[in-house]
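A.B. asks: A predicted structure for the sequence below; I have some questions about it.
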Amino acid sequence: MCYKYITLASTLCITPHQAYICNMFLQTLLQATEKAALHMKLHFEKPFAVHNKEGVNNLVTEVDTACEAIILNTIQSAFPQHAILTEEAGSLVQDSAYKWIIDPIDGTVNFAHGIPICCVSIGLEHNGSMVLGAVYNPFLNEFFVAEKGKGATLNQKPIQVSQKQLLLESCLVTGFPYTYLDMPNGPLQVFEKLIKKGIPVRRLGSAAIDLCYVAAGRFDGFYEHKLQAWDSAAGFLMVTEAGGTVTDFEGKPYSVYQPHLLATNGIIHTHLQAVINGAEV
């Protein structure tokens, strides 16, 4: 798709010149996301090299690396002074208030197995706060965008979290780490408690898509025990801008630099948080 999305990022901009720069941020974000996603789609179900990282089935493909290069080239051509954190290449530390947080393919295992539940996810952080995010699944032609203080959209139409009132009537989504966490109330224990009560809990294999689906009201809540910054940076902003609540497991304000994430419509948040921390459903 050719994504046309013009706006003024009022949360960052005061003067006309600042507004121009902010539009450059947004257009660069959209261009980088779209270019990489179309490259991913072009190589879907075609031969490519696959390697394994830490843990079992924690894959990286040559398409991940190529998509990452496309994203970095697009961003650095426009903003060479900005810091960057990306899944495959790591950190580029710069003396800048801005940091781009990049997952070139979120859902690599799905992609490597020909499952079209994967996406490109890019977030822009300003002085420690997420201000822009984009998540694009080209296979379903779903392009999610969030801008701090201006809401979240799916294919340029506003989205909102669900209004589901009860955890027992909710539809949830989660993920499991590649290296199992042997801890009290770990991923399998929480999952077991929920499904034994008949609560549907899905596992799609892409945290960025999971978060976008909470933002769009398709899921009522998402939790995961071990995420990296690039997994959640864009999707975290998507949920908050769609009216949802995102915290760590203790209910503290969420940071993409810690592992535990709980994102809900806000209504079921306290109940699901209690279950994650050991309470019965």
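C.D. replies: Looks like it came in fine.

A.B. asks: remind me, longest helix of this protein?
C.D. replies: helix 16-42 (DSSP state H).

A.B. asks: Now do it, average pLDDT.
C.D. replies: Averaged over helix 16-42, pLDDT sits at 86.

A.B. asks: in it, what counts as buried?
C.D. replies: By 16 or more other C-beta atoms under 10 Å, the buried positions in helix 16-42 come out as 19, 22-23, 25-26, 28-37, 39-41. Glycine gets a C-beta too; all of them are placed from N, C-alpha and C.

A.B. asks: Could you list every helix and strand that it packs against?
C.D. replies: On a contact count with 3 or more C-beta pairs under 8 Å, 6 or more residues apart in numbering; DSSP states H and E, helix 16-42 meets helix 62-78, strand 98-106, strand 119-126, strand 129-137, strand 142-147.

A.B. asks: Strand 119-126 and the longest one, what's the angle between them?
C.D. replies: Using axes from the mean of the first three to the mean of the last three C-alpha atoms, to 10 degrees, the inter-axis angle of helix 62-78 relative to strand 119-126 is 30 degrees.

A.B. asks: Quick one: distance of helix 62-78 to the chain centre.
C.D. replies: 18 Å (C-alpha atoms, centre = their mean, to the nearest Å).

A.B. asks: what do you get for stretch 260-280?
C.D. replies: The chain centroid and the centroid of stretch 260-280 are separated by 19 Å under C-alpha atoms, centre = their mean.

A.B. asks: re the thing from before, can you check what angle separates the longest helix of the chain from helix 62-78?
C.D. replies: 160 degrees.

A.B. asks: If I take helix 16-42 and strand 98-106, what angle do their directions form?
C.D. replies: 20 degrees.

A.B. asks: Could you check the angle helix 16-42 makes with strand 129-137?
C.D. replies: Using the same axes, to 10 degrees: helix 16-42 against strand 129-137 is 30 degrees.

A.B. asks: now the helices for the stretch 151-281 of the chain?
C.D. replies: Assigned by DSSP state H, counting those that start in this stretch, the helices in the stretch 151-281 of the chain fall at 187-196, 207-215, 229-241, 269-276.

A.B. asks: and among those helices, the most buried is which?
C.D. replies: The highest mean neighbour count among those, using mean count of other C-beta atoms under 10 Å, belongs to helix 207-215: a mean of 31.
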